[in-house]
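> Sequence and predicted structure below; questions after.
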Amino acid sequence: MKREPVLRVVGKLLIPYMLMFALYVQFHGDYGPGGGFQAGVITAAAIIFYALIFGLPAARRLVPDAVVETMVALGAFLYMAVGFAGLLLGGNFLDYFVLDRDPVAGQHRGIFWVEIGVLITVSGVMLKIFYMFAGRGREG
Amino acid sequence: MMAATVFAIIVQRNLFSVVVLAGVYSFLMATVLVALDAVDVAMTEASVGAGISTVLLLGALYLCGGEEAKPMQRAWLPLAVTLVIAGALVYGTLGLPAFSDPLAPIHTHVVPRYLGQALAETGVPNVVTAVLASYRGYDTLGETVVVFTAGIGVIALLRRARRASKGAE
């Protein structure tokens, strides 16, 4: 598919908007439908789209394996860290009320970071699985 | 329409069309969820069910070829087991409260507090997000760890396979 000019141009045009939409879904999740899981999948889909059009090696150069593997662990770590932050500040595990002087603002902050953790892990895992599957036939 | 899609999936022997039909089924399911006002779930279904899993299944097809193998024998025992379990599940649904019954236990336990207090307590207008990330934050942590574990499992399995095949060459 590397020589299809239509696909390449459309892909180049669309991928920034896909990533933008993922961020919108992520940060607008407080007000409308959306959240970390959906945004993570959309982010991964944008990169998989890129890999399908420009080839797996190009995508691997763009988002190297080391970054993806770090993301897989980092997201879960971030979620846990929010939980322990609540513990350290004198609340229960995953208690957001203590994250800010104003309990409601603390809730907001906790939800924000937790959703970012979900986003990072989900997109990392999806990408990693795709890389693994797509890379197998050629290397094995 | 969904029933027709499922029937086509069963009849079809070409795995490529099965994968595409499964994607179609996911999109239909997403529209059903939108009709039920579960927009968050519909979004997940459309992106995960129709998007990512179609791509992954196509990737798997690329590795293993596109035609379904002919079964060795007629599978009467699995068919019987499936029918018995399906019958038991349908029998179980008879005991559930009627659809959209306002007095069902699920609507009288914690739901009124979530719906009434979520905005005041968390400052988040979308109740789904409030429940998911705050009230049930522990469950969502579990889900994230499940996704994480799945990723680790795939990495462990496939990387070992690659190393073994390299050693054999």
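Alright, I've got the coordinates.

> CA atoms for contacts and neighbours, from now on please.
Will do.

> Low-confidence bits of chain A, can you list those?
With pLDDT under 70 as the threshold, chain A has low-confidence stretches at A:1-3, A:30, A:32, A:97-101, A:136-140.

> show me where it has helices.
For chain A, applying DSSP state H gives helices covering A:5-27, A:36-54, A:56-62, A:65-88, A:103-139.

> Would you map the helices across chain B?
Secondary structure of chain B (DSSP H): helices located at B:2-11, B:15-35, B:39-44, B:53-64, B:76-94, B:105-108, B:111-122, B:127-130, B:137-168.

> mean confidence score for the last one?
If I follow you right, that is helix B:137-168. Across helix B:137-168, pLDDT averages out at 76.

> tell me which strands and helices it is in contact with?
Based on contacts counted as 3 or more Cα pairs under 8 Å, 6 or more residues apart in numbering or on different chains; DSSP states H and E, the elements that helix B:137-168 packs against are helix A:65-88, helix A:103-139.

> which non-adjacent residue is nearest B:Ala98?
Take B:Ala98 and drop its neighbours on the chain: the residue closest to it by Cα to Cα, 6 or more residues apart in numbering or on different chains is B:Ala104, 7.9 Å away.

> I'd say that neighbour and B:Val111 touch.
No - contact status for B:Ala104 versus B:Val111: not in contact, 11.0 Å apart, counting by Cα atoms under 8 Å.

> measure the spatially most distant residue from the centre of chain A to A:Tyr96 for me?
No residue in chain A has its C-alpha farther from the mean C-alpha position than A:Gly90, which lies at 29.9 Å (Cα atoms, centre = their mean). In this structure, A:Gly90 and A:Tyr96 are 11 Å apart, going by Cα to Cα, to the nearest Å.

> Give me whichever of the helices and strands packed on helix B:137-168 is most buried.
helix A:103-139 (a mean of 22; mean count of other Cα atoms under 10 Å in any protein chain shown).

> is chain B contacted by that helix?
Yes - with Cα under 8 Å from any Cα of the partner chain as the criterion, chain B is reached by helix A:103-139 at A:103-105, A:107-108, A:110-111, A:114-115, A:118, A:121-122, A:125-126, A:128-130, A:132-134, A:136-137, A:139.

> Tally up the residues packed near B:Ala80, please.
Per other Cα atoms under 10 Å in any protein chain shown, the neighbour tally for B:Ala80 reads 11.

> Run a quick neighbour tally on A:Arg61.
The local packing of A:Arg61 (other Cα under 10 Å) involves 9 other residues.

> Find me the pLDDT at B:Gln117, would you?
Confidence per residue is given as pLDDT, and for B:Gln117 that number is 70.

> ok, it - contacts?
With contact taken as Cα atoms under 8 Å, 6 or more residues apart in numbering or on different chains, B:Gln117 is in contact with no other residue.

> And the residue farthest from the centre of chain A, how far from chain B?
Counting by Cα to the nearest Cα, to the nearest Å, the separation of A:Gly90 from chain B is 17 Å.

> Then A:Ala85?
A:Ala85 is 14 Å from chain B, where distance means Cα to the nearest Cα.

> Distance of A:Ala22 relative to B:Thr129?
If you measure A:Ala22 against B:Thr129 using Cα to Cα, the figure is 16 Å.

> can you check A:His108 too?
Noted for A:His108: a distance of 11 Å to B:Thr129, by Cα to Cα.

> Same question for B:Val19.
Applying Cα to Cα, the value for B:Val19 to B:Thr129 is 32 Å.

> Quick check: A:Gly40 touching A:Leu127?
No - proximity of A:Gly40 to A:Leu127 does not meet the contact threshold set by Cα under 8 Å, at 9.8 Å.

> close enough to count as contact, A:Gly36 and A:Trp113?
No - with contact defined as Cα under 8 Å, A:Gly36 does not reach A:Trp113; the gap is 9.9 Å.

> All good on my end, thank you.
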